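for reference, the sequence and a predicted model appear below.
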Amino acid sequence: MIQLDDKAMMDMYGVDKTLCKQAIIANCTDGLKSDEVWLIEANDAESAATIAELAQSRVDREAQETKDYLPDQYKIVEKAQIIEDGNNVVLIISADVDAMIELYNSAKEG
């Protein structure tokens, strides 16, 4: 996976870094895999809602792209999770989504 810079976050996903206190978006360098992680702390509730909508749009787009051509990846996208936690928005698309959510929750608690 590679971490995207601010320009790529905007160009690829519409995530404007000015809406964020902190933001990391990473995706798989293999174009045939759907793995992707967003960890974003928005400036406020309105920005968080906008980012959550962008995350849902991303999942919907990825599902459309993989449904007919990459059925194994489609199954992974179907299990994608978007977590809205205050001003934090997390998107996880991964075969290990449950383990990654556990890691997020334990990091949040610790």
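In hand now; what should we look at?

hey, let's count contacts and neighbours off CA atoms from now on
OK.

just the endpoints, please. Distance across stretch 89-105?
The separation between the terminal residues of stretch 89-105, taken as CA to CA, to the nearest Å, is 13 Å.

contacts for it?
Outside of stretch 89-105, the residues within contact range by CA atoms under 8 Å, 6 or more residues apart in numbering are 34-42, 48, 51-52, 55, 76-77, 79-84.

any of these buried? List them.
When burial is judged by neighbour count using 16 or more other CA atoms under 10 Å, the buried members of the contacts of stretch 89-105 are 34-42, 48, 51-52, 55, 76-77, 79-83.

from W38, how far out is Q22?
With CA to CA as the criterion, Q22 and W38 are 11 Å apart.

also I101?
The separation that I101 has from W38, given CA to CA, amounts to 12 Å.

near A99, how many other residues are there?
11 (other CA atoms under 10 Å).

give me the buried positions along the helix or strand encompassing it.
Element membership for A99, per DSSP states H and E: helix 97-109. Within helix 97-109, the residues that qualify as buried are 97, 101, counting by 16+ other CA under 10 Å.

what is the rounded mean pLDDT of it?
Averaged across helix 97-109, the pLDDT comes to 91.

before we move on, the earlier item: which members of the buried ones among the contacts of stretch 89-105 occur in helices, if any?
Taking DSSP state H as the definition of helices, the buried ones among the contacts of stretch 89-105 contribute 48, 51-52, 55, 76-77.

quick one on the thing from earlier: now the common contact residues for Q22 and W38.
Shared contacts of Q22 and W38, defined by CA under 8 Å, 6+ apart, are not found at any residue.
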